[in-house]
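Visitor: Here's my sequence, what's the structure:
(2 chains)
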Amino acid sequence: MSRGWIPAFAGMTFTLPARQAGPIVLPSGASAIKIYPEKVLAMQWEIVIGLEVHAQLSTQSKIFSGASTAFGAAPNAEACGVDLALPGVLPVLNRGAVDRAIKLGLAVGGKINSPSIFARKNYFYPDLPKGYQISQYELPVVEGGSVRIQVRQDGEEREKMIRLVRAHLEEDAGKSLHEDFHGMTGIDLNRAGTPLLEIVSEPDMRSSAEAVVYAKTLHSLVRWIGICDGNMQEGSFRCDANVSVRHQGADRLGTRCEIKNLNSFRFLEKAIDYEARRQIEILEDGGTIQQQTRLYDPDKDETRAMRSKEDAQDYRYFPDPDLLPLEISGSWIAEVKSGLPELPQQMRTRFERDYGLSAYDASTLTADRDIAGYYEAVVDKLPSDPKLCANWVMGDISGYLNDQGKFFDNCPLSPSQLAQLLTRIKDGTISGKIAKEVFRQMWTKVREQSATWKSRNSELEENLADQIIEAQGLKQISDSGALEKLVGEVIAANSKSVEEYKAGKEKAFNALVGQVMKAAKGKANPAQVNEILKKKLAD
Amino acid sequence: MSLSLDDVKRVANLARIEVSEQEANTALAQLSGIFSLIQQMQAVDTSTIQPMSHAQDVMQRLRPDVVTEIDQRELFQSVAPQVEAGLYLVPKVIE
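Guide: Now for the predicted structure:
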């Protein structure tokens, strides 16, 4: 097999099965070879991925100083003496940062260490004025735990558990600006001392697609429990990916490379795909992988070496004598626990169990707290049909919101307005088809008010659906007398179709139903029309 | 564990300390002395003792998550060697 082809293919195979159900057929001379992506991979390379995620914690003040963490301030306006490492300053730990770390620990079922120890990680860089970063080495706040992700395999949704190694608290560094300042580098220390929670996974992921699902699940979780705003453009959620490859079935891990600072899910996926391909090409050429830190360049879609990876000794970690051991009491943990919301995993299970939703629906509706809250508010008004509610929330509303780049927290239509529309489908006032039209008009109407369902005094517009149905006479004709009259007229005017039907042509019946619906301007109940028509034709 | 002159030079380099050959040799002798003390201590059975991370047997005190610092950039930058547009300027850093 030609070598130029396999590496390029192997890097992609994991994402293929989802889109490509059948075999890939490659022409080869006279006969075609059938290759199943999964099987090619089974003979070839396995990609092994672990992620380190830096979640910026949503505290008001920094982790070891009382300076503000607000984004977008003038350079160095939020860098105080502690952040600048002026002589004589001492760090004092922010309780809010520890609170958030405990929350994450409880949400992933990890162990909360007490005591937990802060360590100095020594390296020299001008955006780190102390000459060391305060981090954790031995005894991080959280050890172990796991995150469950939904992956697609062979066209089926399946749950996979990604184990966590640890989650530890640390301070962020400042920013270096390499634009030209007369051949010098400009330093902004506003970000220095911002609290970060570094969440480290085991190398449990086997494709870039899985890594993205894990990162998205974690991203959703940190926002769900309110410890991080998840804003990736502002760098509040950054991923480092450790990528290695090995022959399928090998028990030892290959040499890994770390790709730093991936700040979008798309870059995460592309960087891993590129990196895996790069490593496979080197190995197939008989080379060896060098352990490295690499950077992803989105413009060229490639990774390149940043620096040879320092090993842990080079950082000369040691317990920070400026900080005492952190004690996390059982009562503190209990207090944090009682403040935790229902977690997405629990809610997903409850949606499947109580509302009879599929795993896919339940997981879509628990993607974040806003969509989940919205959905529950709709079901609250229409408890008899959670599936119908789910279809509309995931389908029509999501679609309209997407078009406008909005999310559920600022959806203009309220859950009770939607629930009323759905109630009208349920009670037969309107058909599903007419409902789409009513929905479109409702949406236009609420959008004009340029308010969100949370900010609007919704009592006034509760019956928006009814107003539109009423004003435009969209009610289904449910009066059987009126319908029978219509059917009678259609039968009289379409004698040809009637004859054909009586001669055994089923198609002719559908044509007649269509004629009745047309005469009723779409407002007839199709089931009722069928029934009346059958009865009349049998006469 | 015995320490070599190369080890001393490597640690000095990591810590960005410039040492002469003579200073490196002095440091090697002194550090080796400290290492032999550590070796002596390691002979003691500590398997049942919890490692100590701080000399004082007290726990970390915490502060509430409140902003207490005001912008003192002007004051801080008045002692900086070079500033521009609110930034501290340092010799060019190249990865």
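Visitor: any idea where the helices of chain B begin and end?
Guide: Remark: helices assigned in chain B by DSSP state H are B:5-14, B:21-42, B:73-77.
Visitor: Can you mark which positions in the longest one are buried?
Guide: When burial is assessed from 16 or more other CB atoms under 10 Å in any protein chain shown, helix B:21-42 yields the following buried residues: B:A24, B:A27, B:L28. (Glycine included, C-beta is placed from N, CA and C.)
Visitor: My read is that the second one contacts B:D7, right?
Guide: No: under the criterion of CB atoms under 8 Å, B:A27 makes no contact with B:D7, lying 10.1 Å away.
Visitor: Nearest the geometric middle of chain B, what residue?
Guide: B:A15 (7.8 Å; CA atoms, centre = their mean).
Visitor: what's the spacing between that one and chain A?
Guide: Distance, B:A15 to chain A, using CB to the nearest CB, to the nearest Å: 8 Å.
Visitor: Wasn't A:H168 part of a helix?
Guide: No: according to DSSP: H, G, I helix; E, B strand; the rest coil, A:H168 belongs to no helix; its state is strand.
Visitor: which residue is nearest the middle of chain A?
Guide: By CA atoms, centre = their mean, the mean C-alpha position of chain A lies nearest to A:K216, the distance being 4.1 Å.
Visitor: Look up the closest residue to that one, ignoring the ones flanking it.
Guide: The shortest distance from A:K216 to any residue other than its chain neighbours is 6.2 Å, reached at A:F265 (CB to CB, 6 or more residues apart in numbering or on different chains).
Visitor: contacts for the longest strand seen in chain B?
Guide: Longest strand in chain B by number of residues, with DSSP state E as the criterion: strand B:87-91. Residues external to strand B:87-91 that are found in contact with it (CB atoms under 8 Å, 6 or more residues apart in numbering or on different chains): A:75-76, A:126, A:177, A:181-182, A:184-189, B:77, B:80-83.
Visitor: Neighbours of B:S47, how many?
Guide: By the criterion of other CB atoms under 10 Å in any protein chain shown, B:S47 has 5 neighbours.
Visitor: phi, psi of the residue lying farthest from the centre of chain B?
Guide: Distance to the chain centre peaks in chain B at B:A85, reaching 31.3 Å (criterion: CA atoms, centre = their mean). Backbone geometry at B:A85, expressed as degrees, to the nearest 10, gives phi 50, psi 40.
Visitor: quick one, what contacts the closest residue to it other than its chain neighbours?
Guide: Spatial nearest neighbour of B:A85, excluding adjacent residues (CB to CB, 6+ apart): A:P75 at 6.8 Å. Residues near A:P75 by CB under 8 Å, 6+ apart: A:G186, A:D188, A:N190, B:A85, B:G86, B:L87.
Visitor: Retrieve the pLDDT associated with A:P75.
Guide: The model reports A:P75 with a pLDDT of 96.
Visitor: same thing with B:I49?
Guide: 85.
Visitor: try A:E159
Guide: At A:E159, pLDDT is 87.
Visitor: where does chain B come near chain A, residue by residue?
Guide: Residues of chain B lying near chain A by CB under 8 Å from any CB of the partner chain: B:11, B:14-16, B:53-56, B:58-69, B:71-73, B:76-77, B:82, B:84-93, B:95.
Visitor: Mind giving me the ChimeraX select for the residues you listed, buried ones only?
Guide: This is how ChimeraX selects the buried members of these, with burial counted by 16+ other CB under 10 Å:
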select /B:11,14,53,54,60,62,63,65,67,69,71,72,73,76,77,86,87,88,89,90
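Visitor: buried residues in the helix-or-strand element of chain B with minimal mean pLDDT?
Guide: Lowest on mean pLDDT, DSSP states H and E among the helices and strands of chain B sits helix B:5-14, with a mean of 89. Neighbour-count burial for helix B:5-14, counted by 16+ other CB under 10 Å, picks out B:V8, B:K9, B:V11, B:L14.
Visitor: How about the second one: what's its closest non-neighbour residue?
Guide: If I follow you right, that is B:K9. B:A24 (5.8 Å).
Visitor: ok, back up a step: now the residue nearest to B:A85, what's its secondary structure?
Guide: Using three-state DSSP, the structure places A:P75 in coil.
Visitor: rewinding a little: avg pLDDT for the longest strand of chain B?
Guide: Mean per-residue pLDDT for strand B:87-91: 94.
Visitor: Within the sheet, what are the partner strands of that strand, with directions?
Guide: The pairing partners recorded for strand B:87-91 under DSSP bridges are strand A:184-188 (antiparallel), strand B:83-84 (antiparallel).
Visitor: Chain B contacts on the stretch 1-150 of chain A?
Guide: Contacts of the stretch 1-150 of chain A with chain B, taken as CB under 8 Å from any CB, map to A:59-61, A:65-68, A:74-81, A:84, A:86, A:92-99, A:115, A:117, A:122, A:124-126, A:138-139.
Visitor: let's go with 6 Å and repeat that
Guide: Counting by CB under 6 Å from any CB of the partner chain, the residues of the stretch 1-150 of chain A close to chain B are A:59-61, A:66-68, A:74-77, A:80, A:92-96, A:117, A:124, A:126.
Visitor: Mind checking which of those residues are in helices?
Guide: A:R95, A:G96.
Visitor: Sort out which of the residues of the stretch 1-150 of chain A next to chain B are buried, if you could.
Guide: Neighbour counting by 16+ other CB under 10 Å classes A:59, A:61, A:66-68, A:75-77, A:80, A:92-96, A:117, A:126 among those as buried.
Visitor: what's the closest of these to A:E499?
Guide: Distance ranking of those against A:E499, using CB to CB, places A:T59 first at 79.7 Å.
Visitor: Can you name the residues that contact that closest one?
Guide: Residues near A:T59 by CB atoms under 6 Å, 6 or more residues apart in numbering or on different chains: A:N94, A:G96, A:A97, A:P195, B:D65.
Visitor: related to what we said a few turns ago, give me the buried entries from the contacts of strand B:87-91.
Guide: Buried members of the contacts of strand B:87-91, scored by 16+ other CB under 10 Å, are A:75-76, A:126, A:177, A:181, A:184-189, B:77, B:83.
Visitor: Name the member of the residues you listed with the shortest distance to A:Q449.
Guide: Nearest to A:Q449 among the buried ones among the contacts of strand B:87-91: A:P75, at 40.4 Å, using CB to CB.
Visitor: Can you name the residues of the stretch 201-350 of chain A sitting close to chain B?
Guide: Counting by CB under 6 Å from any CB, the stretch 201-350 of chain A comes close to chain B at A:P319, A:L323, A:L324, A:P325, A:L326, A:E327.
Visitor: What residues of the one helix or strand A:A209 maps to count as buried?
Guide: Per DSSP states H and E: A:A209 is located in helix A:208-224. Neighbour counts over helix A:208-224 (16+ other CB under 10 Å) mark A:208-215, A:217-224 as buried.
Visitor: Pass me the low-pLDDT residue ranges in chain A, would you?
Guide: A:1-43, A:307-313, A:450, A:456-460, A:478 (pLDDT under 70).
Visitor: coming back round to it: following element in sequence after the helix holding A:A209, please.
Guide: Following helix A:208-224 in sequence order, the next helix or strand is strand A:237-247 (DSSP H and E).
Visitor: between that next one and helix A:208-224, what angle do the directions make?
Guide: Orientation check (axes from the mean of the first three to the mean of the last three CA atoms, to 10 degrees): strand A:237-247 against helix A:208-224 gives 150 degrees.
Visitor: neighbouring contacts of strand A:237-247?
Guide: Residues outside strand A:237-247 that contact it (CB under 6 Å, 6+ apart) are A:45-55, A:215, A:219, A:230, A:253-254, A:256-263, A:268, A:272, A:275-276, A:279-280.
Visitor: For the helix or strand harbouring A:S497, name the packing helices and strands.
Guide: Assigned by DSSP H and E, A:S497 belongs to helix A:495-502. Packing contacts for helix A:495-502, counted by 3 or more CB pairs under 6 Å, 6 or more residues apart in numbering or on different chains; DSSP states H and E, involve helix A:506-519.
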